[in-house]
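*Asks:* requesting a structural model of the entry that follows:
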Amino acid sequence: MNPRIWLLALATFVTGMAENITVGILPALADGLDVPLGVAGQLTTVFSLSFALAAPFSPLLTRRLPLRRLLCAALAVFALCNLLAALAPGYTALLLARLGMAATSALTCLVCTLMATRLVPDTLRGRAIGVIFMGICSSLVLGVPAGMLLCDVLGWRGVFVGLSALAALVLLMAWRGLPQLQGSEPIALASYLRHLRDGRLVAAQLVSLLMIAGHFTVFAYLAPYAQHIAKVPAAWLAAVFAAFGIAGVAGGYVGGWMADRLGAGKAIVLAPLLYLASLLVLPFCASTPWLFIPAMMLWGALSWTTSPVVQSFLASRGNDTFPAGMSLNLSAMHLGVGLGSAIGGAVIGAASLAHTPWAGAALTVLAAGFAVRSVRGPHRRQAGSYRDRVPL
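*Replies:* Residues are numbered from 1 along each chain as shown. Next comes the predicted model:
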C-alpha cells in the first residue's frame with residue numbers, strides 16, 4: 001500500500017474529529033456560551049446536516065484544480081474556522097464556524113478519496129478507500145474522548161485551538177508529501193443526473209443510507225444500552241467505547257479488503273448480511289457483559305465495512321459518474337446518521353431501549369434488499385474507467 005494513503009487518512013481523521021468533538025464538552029459549551037444544554041447539542045446536528053448538504057457540491061471545486069492544492073486549501077480554511085470558533089463571542093458565531101468546518105470536512109473527505117483511488121492500482125482500490133474510511137471512522141469514535149481531555153486541560157476554546165494546530169500540521173505534511181495530481185474533468189449537473197438515473201447506483205446509495213441508519217439506531221444510544229440493558233458497569237464505559245472504536249477502525253480496512261478480494265458486486269451483498277447477523281446476535285448477548293462486549297466489537301467492525309464496499313462498487317460500476325456518486329454517498333452517510341438517531345429515539349419513546357437493535361435490523365434488511373437490487377437490476381453501460389479518463 002502506498003504510504004501516502006495513510007497521510008490522506010490522517011487528513012480525514014483531523015477534519016472528521018470536528019463532527020463529534022462537541023459531544024463530550026457540551027456542559028462546558030453550554031456554560032461558556034450561556035445557552036441550554038439542548039441548544040448546545042445542536043452544534044453536532046448542524047455539522048452533520050451541513051456536511052450532507054455540502055458534499056454534493058464539493059466535486060465542482062475539483063474542476064481542473066490540482067488536488068493537492070485543493071486539499072491544502074480545505075485544511076487551511078478548516079484551521080481558520082476552528083480559530084474563529086475558539087474566539088467566538090457567542091453561540092451564533094460558533095454555529096457559523098461549525099458550518100465552515102463541515103463544508104471543508106466534506107471537501108477533504110472527497111479529495112482524499114479521489115487521490116487515494118489515483119495513487120494505487122485498481123486491484124488495491126478497495127483497500128485504499130478502506131484506509132481513508134479508517135481515518136473517518138476513528139475520528140468519529142476518538143473525537144469525543146479527545147475533546148473531553150483537551151477541555152479538561154485547556155477549556156472548550158482550547159479544543160478548537162488544538163484542532164486548528166493539528167490541521168495546520170497536516171497541511172504542511174500534505175504539501176510536502178503528496179503529489180500534485182491534476183483535478184478531474186469538469187463535473188456538470190449531467191454527471192449527477194446520469195448517476196441518479198442508474199437504478200443500480202441509486203440502490204447502492206440506499207445501501208449506505210439504510211445500513212448507517214440501522215447502525216445509529218443503536219450506536220446513538222450505545223452508552224445507555226450498554227449500561228442499562230447489558231448491565232455494563234459505568235466505570236467500564238470508556239473502555240467499551242475504546243474497544244468499539246478499535247473494532248470499527250479495523251472494519252474499515254476489512255471492507256476494502258472484501259471489495260478487492262471478492263469483487264465489489266459480491267461484497268456489497270455480503271456486507272449487509274454479515275452486519276445483520278451481528279446486530280441480531282447483540283440482544284441475545286446482552287445478558288452478561290462478558291458476552292456483550294465481544295459481540296459489540298464484532299457489530300462495530302462489520303458496521304464500518306459498509307462505506308468502502310459501497311464506494312468501491314460506485315467506482316467500478318459507475319466509472320463516468322464516480323466523483324458525483326462519491327459526493328452523494330457522503331451525503332447519504334450523514335443523512336443515515338440523522339435518520340438512525342431519530343428512529344432510535346422514536347423506538348425508545350414508543351417501546352423501550354431494548355428494542356433499538358430490532359429496529360436497526362429492520363433497516364438493515366431493507367439495505368440487503370437494495371444491495372441485491374444493485375447487482376441484479378438493469379444497468380447502463382459505462383465507458384472506460386475513471387482512472388483511464390483522468391490524466392495523472
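
*Asks:* mind listing the helices for the stretch 251-392 of the chain?
*Replies:* 264-284, 289-303, 306-317, 322-350, 356-376, 386-389 (DSSP state H, counting those that start in this stretch).

*Asks:* mean neighbour count, distance to residue 82 and mean pLDDT added to the ones you listed, as TSV?
*Replies:* Using the backbone N, CA and C atoms, a C-beta is placed for each residue, glycine as well. As requested, those are exported to TSV (neighbours: other C-beta atoms under 10 Å; distance: least, C-beta to C-beta, whole Å; pLDDT from 0 to 100):
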stretch	mean neighbour count	distance to residue 82	mean pLDDT
helix 264-284	21	34	94
helix 289-303	21	28	90
helix 306-317	29	25	86
helix 322-350	22	20	84
helix 356-376	21	33	95
helix 386-389	16	33	43
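
*Asks:* distance check, residue 292 against residue 226.
*Replies:* To residue 226, residue 292 is 7 Å away according to C-beta to C-beta, to the nearest Å.

*Asks:* please apply the same query to residue 248.
*Replies:* Taking C-beta to C-beta, one finds residue 248 at 15 Å from residue 226.

*Asks:* cool, residue 331 as well?
*Replies:* As judged by C-beta to C-beta, residue 331 and residue 226 stand 30 Å apart.

*Asks:* one more: residue 267?
*Replies:* Per C-beta to C-beta, residue 267 is found 30 Å from residue 226.

*Asks:* what's the answer for residue 102, then?
*Replies:* Using C-beta to C-beta, we find residue 102 at a distance of 29 Å from residue 226.

*Asks:* so these two - more neighbours on which side?
*Replies:* residue 102 (26 against 23; other C-beta atoms under 10 Å).

*Asks:* so how many other residues sit close to residue 8?
*Replies:* For residue 8, which is what you asked about, the neighbour count (other C-beta under 10 Å) is 28.

*Asks:* tell me the centre residue of this protein?
*Replies:* If you average the C-alpha coordinates of the chain and look for the closest C-alpha using C-alpha atoms, centre = their mean, you land on residue 136, 5.2 Å from that point.

*Asks:* is it true that that one touches residue 17?
*Replies:* No: in this structure residue 136 lies outside contact range of residue 17 using C-beta atoms under 8 Å: 10.0 Å.

*Asks:* for residue 34, grab phi and psi.
*Replies:* In terms of degrees, to the nearest 10, the main-chain angles of residue 34 are phi 60, psi 50.

*Asks:* with residue 89 instead?
*Replies:* phi -80, psi -20.

*Asks:* flag the shaky bits of the stretch 151-300 of the chain, pLDDT-wise.
*Replies:* 182-188, 238 (pLDDT under 70).

*Asks:* what's next to stretch 227-241, contact-wise?
*Replies:* By C-beta atoms under 8 Å, 6 or more residues apart in numbering, the list of residues contacting stretch 227-241 from outside reads 141, 144-145, 222-223, 226, 285-286, 288-289, 292-293, 296, 353-354.

*Asks:* tell me the domain boundaries of this structure?
*Replies:* The chain breaks down into these structural domains: 1-187, 188-392 (assignment by automatic domain parsing).

*Asks:* next one, pLDDT for the residue nearest to residue 78 when sequence neighbours are not counted please.
*Replies:* Closest residue to residue 78 apart from its sequence neighbours, by C-beta to C-beta, 6 or more residues apart in numbering: residue 104 at 4.1 Å. Looking at residue 104, its pLDDT is 94.

*Asks:* tell me, how many residues neighbour residue 104?
*Replies:* When neighbours are counted by other C-beta under 10 Å, residue 104 registers 26.

*Asks:* distance check, it against residue 70.
*Replies:* The separation that residue 104 has from residue 70, given C-beta to C-beta, amounts to 11 Å.

*Asks:* could you give the average pLDDT over the host helix or strand of residue 75?
*Replies:* Element membership for residue 75 (DSSP states H and E) is helix 67-86. Helix 67-86 shows a mean pLDDT of 94.

*Asks:* using CSV, write out every CA atom in that helix.
*Replies:* Listed in CSV are the C-alpha atoms of helix 67-86, where the atom choice follows Å, rounded to 0.1, in the frame of the first residue of the first chain:
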residue,chain,number,x,y,z
LEU,A,67,-5.9,18.0,-5.9
ARG,A,68,-3.0,18.6,-3.5
ARG,A,69,-3.6,22.4,-3.7
LEU,A,70,-7.3,21.9,-3.2
LEU,A,71,-6.7,19.6,-0.2
CYS,A,72,-4.3,22.1,1.4
ALA,A,73,-6.8,25.0,0.8
ALA,A,74,-9.5,22.9,2.5
LEU,A,75,-7.2,22.2,5.5
ALA,A,76,-6.3,25.9,5.7
VAL,A,77,-9.9,27.1,5.8
PHE,A,78,-10.7,24.3,8.3
ALA,A,79,-7.9,25.5,10.6
LEU,A,80,-9.2,29.1,10.3
CYS,A,81,-12.7,28.1,11.1
ASN,A,82,-11.5,26.4,14.3
LEU,A,83,-9.6,29.5,15.3
LEU,A,84,-12.8,31.5,14.7
ALA,A,85,-14.7,29.0,16.9
ALA,A,86,-12.1,29.4,19.6
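
*Asks:* elements contacting it?
*Replies:* Contacts of helix 67-86 with other secondary structure elements, assessed using 3 or more C-beta pairs under 8 Å, 6 or more residues apart in numbering; DSSP states H and E, are made with helix 4-20, helix 91-119, helix 125-177.

*Asks:* any idea of the angle that helix forms with helix 125-177?
*Replies:* For helix 67-86 and helix 125-177, the angle between their directions (axes from the mean of the first three to the mean of the last three C-alpha atoms, to 10 degrees) works out to 80 degrees.
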